[in-house]
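Student: when you get a sec, could you give me coordinates for this:
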Amino acid sequence: AIESVCSSKREFAAARKALLKDILLDSLVDHYDRNPSNLSMIRDRNGIYLSPKYDNGTSLSVSVPEEVLKGLLTDYPTEKEAHQTLRSKVYSKIGYLNQKYVRYPGLESYIFSYYFDDVKDFVGTIEEKLTDEEIDRIVSQEKYAGLGEVQKEIVRGKLRTNRDRMLERFRAISKKVAVD
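Tutor: Below is the predicted model of the structure:
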C-alpha cells in the first residue's frame, strides 16, 4: 500500500525505512495497538513521510492499573519473569507474510533478516543512546509524574528487557548477514 502512494523508488525506500523503524520502536515499547488505521502518510512539496505517531496509550503497560502490576510482580520470583510474562501477551497488529497478530520477537527477526540495511543505523542508535541511565532519565521526567512507582519500575524493566533482547536478536542475525 505504501508503494502505491510513492512517486519514486527512492521515496518508497525512505517510507519503508521509516515504517520499519516505527515497527521496531513499537516493539521496544510493547505497543500492541499499532494497526493500519493509525498509520498515516503525509505528502508535501518535499515528498512523502510517515505522520507523527498517535494512539500510543497501550505502550509499556502504562494503562494497566498499578494494583494489577503489583500483583504480577509478586506472582513471579523475579522481575525478569514478570516482564517476560507481560511481553508474552503482546502481539503486533502489523504482521508479515500474510500473518496478523504476530509476536514482536518474530517480527523483529523478519525485519532484521530481510531489511537489515534499512534498520541497522536505527538499531545502532538504540544500542548507543538507550542506556540504562537514559531510561532512568526518561522515566523520571515530570510528564511521567502521574505514574506510580510500580508502573515506573515496570516501564524501566520493560525498556531494558526489550532493548537487550532486540539487540541480541539483531547481533545474531547480523552475524548471519555477514556470512552471506
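
Student: residue farthest from the centroid of this structure?
Tutor: Distance from the centre of the chain peaks at residue 45, with 29.6 Å (Cα atoms, centre = their mean).

Student: which helix runs longest in the chain?
Tutor: Longest helix in the chain by number of residues, with DSSP state H as the criterion: helix 149-179.

Student: any stretches of the chain with poor pLDDT?
Tutor: Where the chain drops to pLDDT under 70, the residues are 1, 57-58, 60-66, 72-73, 83, 86-91, 93, 95, 180.

Student: distance of the residue farthest from the centre of the chain from residue 11?
Tutor: Using Cβ to Cβ, to the nearest Å, residue 45 is found at 13 Å from residue 11. C-beta coordinates here come from the backbone N, C-alpha and C atoms, glycine included.

Student: and the strands in this protein?
Tutor: Assignment of strands within the chain using DSSP state E yields the ranges 41-44, 47-50, 91-92, 102-103.

Student: which neighbouring elements make contact with the second one?
Tutor: Packing contacts for strand 47-50, counted by 3 or more Cβ pairs under 8 Å, 6 or more residues apart in numbering; DSSP states H and E, involve helix 9-28, strand 41-44.

Student: the last one pairs with which strands, parallel or anti?
Tutor: Paired neighbours of strand 41-44 in the sheet (DSSP bridges): strand 47-50 (antiparallel).

Student: put the alpha carbons of the strand it pairs with into CSV.
Tutor: Taking C-alpha atoms only, strand 47-50 is exported to CSV below (Å, rounded to 0.1, in the frame of the first residue of the first chain):
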residue,chain,number,x,y,z
GLY,A,47,7.9,14.3,-0.6
ILE,A,48,6.0,11.8,1.5
TYR,A,49,6.7,10.6,5.0
LEU,A,50,5.0,8.9,7.9
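
Student: just use 634 as the starting number from now, easier for me
Tutor: Sure thing, new numbering starts at 634, so read that last one as strand 680-683.

Student: residues in contact with it: which ones?
Tutor: With Cβ atoms under 8 Å, 6 or more residues apart in numbering as the test, strand 680-683 has contacts from 638-640, 644, 647-648, 651-652, 655, 672-675.

Student: buried subset of the residues you listed as a ChimeraX selection?
Tutor: Buried residues among the contacts of strand 680-683 (16 or more other Cβ atoms under 10 Å), as a ChimeraX selection:
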select :639,644,647,648,651,652,655,672
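
Student: pick the one among the contacts of strand 680-683 closest to residue 736.
Tutor: Closest to residue 736 out of the contacts of strand 680-683 is residue 655 (17.5 Å), distances taken as Cβ to Cβ.

Student: mind checking how far the spatially closest residue to that closest one that is not a sequence neighbour is from residue 646?
Tutor: With Cβ to Cβ, 6 or more residues apart in numbering as the criterion, residue 655 has its nearest non-adjacent residue at 6.3 Å, and that residue is residue 683. According to Cβ to Cβ, residue 683 stands 13 Å off from residue 646.
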